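1. dropping the sequence and predicted coords here.
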Amino acid sequence: MTLIAQGVAPALLRKGILAGGGPASVLARTLRYLTLKAWCGGVAAARQERKHMTTQEAPKLVRRILVVEDEPFIAMGLEQLLPRLGYEVCGVATHLRDALAKAEAGGFDLAVLDVNLGGELSYRVADVLLAKGKPFVFCTAYADVAFGRYAKVPVLQKPVEKKALARAIEEALSRAQPSRVA
């Protein structure tokens, strides 16, 4: 509502009509803009909220997490949940090619992998992470996914709950820790 009150929507409508667009196409472009602006505003608000949290509210950010998720709202939810659990989101990959490049590059302590990235399975990313010794957690909406060689990898069911996310990450990190010999 703020964008409309500030005159953004009317200005876009005027520009579209003056540029020769029909009312329907102008309205469609305006709605896409407002939706994108609202979504980006939500991400910005979450980042701003994180900056203003007191040290008592926010745990110390220690581990860096790579989020591999093609659904924007789930990725955004993870970006909001992870800092509240004391983790830093160091990147988001939305496509298999991007995820493979980020997995190869490193710079993170753990990855949260969506099993299905736009119709492509993320098992190639999981293989790269296994080869590099990086822990990861699978995240899926499917209940009947067979994980075979990944049977020991924690699996999160969508929608992701905060406590389940925390448990899965801690489990993956503890399995990745080398056992200490006294």
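-> It's in. Residues are numbered from 1 along each chain as shown.

2. domain map for the chain?
-> Following automatic domain parsing, one gets these domains for the chain: 2-51, 63-176.

3. list the buried residues of the host helix or strand of Q80.
-> Taking DSSP states H and E as the criterion, Q80 maps to helix 72-84. Judged by neighbour count (16 or more other Cβ atoms under 10 Å), helix 72-84 contains these buried residues: 74-84. C-beta here means a position set from N, CA and C on the backbone, and glycine is covered the same way.

4. now do the same end-to-end measure for stretch 122-139.
-> 10 Å (Cα to Cα, to the nearest Å).

5. and V92, how many neighbours?
-> For V92, the neighbour count with other Cβ atoms under 10 Å is 20.

6. quick one: it and P72 touch, right?
-> No - look at V92 against P72 with Cβ atoms under 8 Å: they stay out of range, at 9.4 Å.

7. the closest residue to K158 other than its chain neighbours and A131: what is the separation?
-> Closest residue in space to K158, ignoring its immediate chain neighbours: A141 at 4.1 Å, by Cβ to Cβ, 6 or more residues apart in numbering. A141 sits at a distance of 27 Å from A131 (criterion: Cβ to Cβ, to the nearest Å).

8. more neighbours, these two?
-> A141 (13 against 10).
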